[in-house]
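Peer 1: kindly generate the corresponding structure for this input.
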Amino acid sequence: GKMARFPICPAATCSGNTVSSEDHTCGTNKVLKASPSSIAGSTDAACCDAACSAHTCAASGYHLKASAAAIAGADDSTCCDQTKCSGNTVSSEDHTCGTNKVLKASPSSIAGSTDAACCDAACSAHTCAASGYHLK
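Peer 2: Numbers count the residues shown, from 1 in each chain. Here you go, the predicted model:
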């Protein structure tokens, strides 16, 4: 008799497998490589790149991007945003001015995190010299 021919099962790829439970899930601080469905494998070494969440911004005045865990990269230009006086992706990075100071106009366009860079004197710091005048 004739032997029955069976199709050969395709090798599992990093993602896009017919059985989704065979798709690889990257470990901590890792993201799937580009085109993971075309890469044969099921390990972090084969399927994953380092994520920005594992990177520490070297330049002063920079912080990790909000979506760092989903971005493949390991350098400041890919992973970091410049800290601005306000409007940062992480609001705790926004600068709070000290006593008798207010944020300058357009603080989200100003790089910095100090009163000197981000703040102007507020009227509350001024004493009216002319008699008959008071603070607004």
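
Peer 1: low-confidence ranges, this protein, go.
Peer 2: Counting by pLDDT under 70, the chain contains low-confidence residues at 1-9, 125-126, 130, 132-135.

Peer 1: in this protein, which spans are strands?
Peer 2: Under the criterion DSSP state E, the chain contains strands at 30-32, 48-50, 62-64, 80-82, 101-103, 119-121.

Peer 1: could these go into TSV alongside mean neighbour count?
Peer 2: (Glycine included, C-beta is placed from N, CA and C.) Shown next, in TSV, are the strands of the chain (neighbours: other Cβ atoms under 10 Å):
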stretch	mean neighbour count
strand 30-32	20
strand 48-50	18
strand 62-64	19
strand 80-82	17
strand 101-103	17
strand 119-121	15
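
Peer 1: list the contacts of C80.
Peer 2: Residues near C80 by Cβ atoms under 8 Å, 6 or more residues apart in numbering: 52, 55, 57, 59, 62-65.

Peer 1: is it bridged to anything, and to what?
Peer 2: Here C80 shows beta-bridge partners L64, assigned using DSSP bridges.

Peer 1: where's it relative to T56, distance?
Peer 2: From C80 across to T56, the span is 9 Å (Cβ to Cβ, to the nearest Å).

Peer 1: next one: A40
Peer 2: 33 Å.

Peer 1: likewise S35?
Peer 2: Relative to T56, and taking Cβ to Cβ, S35 is found at 28 Å.

Peer 1: between those two, which one's more packed in?
Peer 2: Each of S35 and T56 has its neighbours counted (other Cβ atoms under 10 Å); S35 has more, 11 against 8.

Peer 1: where exactly do the helices run in the protein?
Peer 2: Here the chain has its helices, by DSSP state H, at 44-47, 76-79, 115-118.
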